[in-house]
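A.B. asks: quick one, what's the 3D model for this:
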Amino acid sequence: METDAPILLAAVSFLSALQMARLARRVGLCRLAFNIKPPSVTGPPEFQRIFRAHQNCVECYPLFLVMIWTCGMFFNEMTAVVGGLVYMVARQIYFEGYIKSGEERLLGFYLTLGDFAIMSLLTVIGLLRGILLKYFQIQL
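C.D. replies: So this is what the prediction gives:
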């Protein structure tokens, strides 16, 4: 294995995939509990909240993967790893809150937005720094 491989980025990405699998399993268990057969996505409010919470996590996941990897590769791996761990905690807070009520998801939602904003800014800084160095030989 290459010693400068982004192993921590890969580890957090893998952990996030396990988290997504766990959330999907919870939807499946909820389907069983309420006898809701796929492809139906309607049922009691408890099912609808857990289903929507999972769906929202699925919708954010590609953005998260792009963010963590571009931030890690072009800004700093450790910073991106911390951002990835914050994202996972924020999504768990979001998911658990949404199960209770739609309003209780907001803390996790705002934490996710803040994490994305910070990783986006750091990614832009890293990309601009790389573009300036590679194409204009300007080192900042």
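
A.B. asks: ok, now which ones touch Met88?
C.D. replies: 12, 15-16, 19 (Cβ atoms under 8 Å, 6 or more residues apart in numbering). C-beta here means a position set from N, CA and C on the backbone, and glycine is covered the same way.

A.B. asks: for those residues, pick the one with the most neighbours.
C.D. replies: In terms of neighbour count, Val12 stands highest of these at 22 neighbours, by other Cβ atoms under 10 Å.

A.B. asks: neighbours around the residue lying closest to that residue once chain neighbours are set aside, how many?
C.D. replies: Leaving out its chain neighbours, the residue that sits closest to Val12 by Cβ to Cβ, 6 or more residues apart in numbering is Gly84, at 3.9 Å. Each residue near Gly84 was counted by other Cβ under 10 Å, and the total is 26.

A.B. asks: go through the helix or strand encompassing Tyr135 and flag the buried ones.
C.D. replies: Secondary structure assigned from DSSP states H and E places Tyr135 in helix 106-136. Along helix 106-136, these residues count as buried under the neighbour rule (16 or more other Cβ atoms under 10 Å): 108-109, 111-112, 115-116, 118-120, 122-123, 126.
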